[in-house]
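*Asks:* Need a 3D model of the following:
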Amino acid sequence: MYACGIYSFSGASIPDYIDTVAIPLAIDESSGGPPTMDQDLTDFLFARFVEQTRLRFLDDENAADAVLLTTIERYSNRPTAVTGNEVAALNSVTISVRAVYTDRVEDVEQLARSFSFDVEYDPAEGLEGETDAALTALEEIAEQIFTAAASDW
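*Replies:* This next block holds a predicted model:
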């Protein structure tokens, strides 16, 4: 059994025996959306788990004390407001991500659930507006995953 000390960084409570984390590239099973969503989500998660805590990053999932696996399950882009001329006045990007966070030292699945967020944008902004909305949603989802994973110990 390991010591039960817990250290807190940026509001995160991480047991003292967790020193390393592996965050493999997110799997994108959605259809549509920006082609870099997998890397963008992974980068946002890395920023939270590694840059905002004392955890060190390891490429090797088998050697890490904790592993975070993510899958982008759904991406949608749909009108949410329509003008009198049946033209979209607002669109909404919705992204859903499944996260599984495992404490490999204690061999316990700390977190296994889906997270979702939607962001509205002006369709006149075109692809740039959609991409920005997707990035905002992914960043918020990364924050939700971090908060849930770090508070479940």
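*Asks:* Do you have the strands of the protein handy? List them.
*Replies:* Secondary structure of the chain, counting by DSSP state E: strands at 6-9, 12-15, 20-22, 27-28, 56-57, 66-82, 88-103, 108-121.
*Asks:* now for the fourth one, which elements pack on it?
*Replies:* To tie it back to what came earlier, the one meant is strand 27-28. helix 37-49, strand 66-82 (3 or more C-beta pairs under 8 Å, 6 or more residues apart in numbering; DSSP states H and E). Glycine gets a C-beta too; all of them are placed from N, C-alpha and C.
*Asks:* and the first one, which residues are buried?
*Replies:* Judged by neighbour count using 16 or more other C-beta atoms under 10 Å, the buried positions of helix 37-49 are 37-38, 40-46, 48-49.
*Asks:* same thing with the last one?
*Replies:* Within strand 66-82, the residues that qualify as buried are 66-75, 77, counting by 16+ other C-beta under 10 Å.
*Asks:* what is residue 75 paired to in the beta sheet?
*Replies:* Beta-bridge pairing of residue 75 under DSSP bridges involves residue 95.
*Asks:* That one contacts residue 38, correct?
*Replies:* No. With contacts defined as C-beta atoms under 8 Å, residue 75 does not count as touching residue 38, sitting 11.3 Å away.
*Asks:* Tell me the gap between stretch 145-153 and the middle of its chain.
*Replies:* Centroid separation between stretch 145-153 and its chain, computed with C-alpha atoms, centre = their mean, to the nearest Å, is 12 Å.
*Asks:* err, stretch 127-139, not the other one
*Replies:* Counting by C-alpha atoms, centre = their mean, stretch 127-139 comes out at 14 Å from the chain centroid.
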